[in-house]
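Prediction below, plus the sequence it came from.
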Amino acid sequence: MFKLMAIALGLFYSILANAGCARDEFECRVYQGDEVKLMPCEIKICASANDSTIYWELQDGTKIYDHAEQGFNEVTINKEAAQQLPDILKDPVTCYSALGKAMVICADDVSL
């Protein structure tokens, strides 16, 4: 019994060793119509061998959630359906857009 528990604990800790999170402060840009607002935001990225989750929290309370795992991806802005936009610019920029709304939120070089 003890040997089985030791193996289970060893597997649990090896899974944790392959997962990690990092967070940093950025200046996000919020585009709505012709208006652009700059505001501080915190971005946290957590990843393991099988999945990744990205959390954005803007100073105004806006929250972005992006979770991806094998064959599945869920993206929301304030719990409403959203999408990550393809990177078409020369500089590394990450942008999200709320589906059906004229709002885009971007941050430069989000690699943590």
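Okay, I see it.

show me where pLDDT drops low in the protein?
Applying pLDDT under 70 to the chain flags the ranges 1-18, 88-90, 112.

Now the residue nearest in space to the middle of it: closest residue in space, sequence neighbours ignored.
Nearest residue to the geometric centre of the chain (C-alpha atoms, centre = their mean): Ile54, 1.6 Å. Closest residue to Ile54 apart from its sequence neighbours, by C-beta to C-beta, 6 or more residues apart in numbering: Asp66 at 4.2 Å. C-betas here are computed from N, CA, C, even on glycine.

mind listing what the one you found touches?
For Asp66, the contact set (C-beta atoms under 8 Å, 6 or more residues apart in numbering) comprises Thr53, Ile54, Tyr55, Asn73, Glu74, Val75, Gln84, Tyr96.

Double-check that the residue nearest to the centre of the chain belongs to a strand.
Yes - under DSSP: H, G, I helix; E, B strand; the rest coil, Ile54 falls within a strand.

Just to check, it is in contact with Asn73?
No - applying C-beta atoms under 8 Å, one finds Ile54 not in contact with Asn73, separated by 10.9 Å.

Which residues are in contact with each of these two?
Shared contacts of Ile54 and Asn73, defined by C-beta under 8 Å, 6+ apart, comprise Asp66, His67.

just so I have it, where are all the strands in this structure?
20-32, 35-47, 51-58, 63-69, 72-77, 80-85, 93-98, 103-108 (DSSP state E).

Which of the ones you listed has the highest mean neighbour count?
Greatest average neighbour count among those goes to strand 93-98 (a mean of 19), per mean count of other C-beta atoms under 10 Å.

just how off-centre is that one within its chain?
Centroid separation for strand 93-98 versus its chain: 11 Å, with C-alpha atoms, centre = their mean, to the nearest Å.

That one: partners in the sheet, and parallel or antiparallel?
Here strand 93-98 is paired, per DSSP bridges, with strand 80-85 (antiparallel), strand 103-108 (antiparallel).

The ones you listed into JSON lines, with extra columns for distance to Ile45?
Shown next, in JSON lines, are these (distance: least, C-beta to C-beta, whole Å):
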{"stretch": "strand 80-85", "distance to Ile45": "13"}
{"stretch": "strand 103-108", "distance to Ile45": "12"}
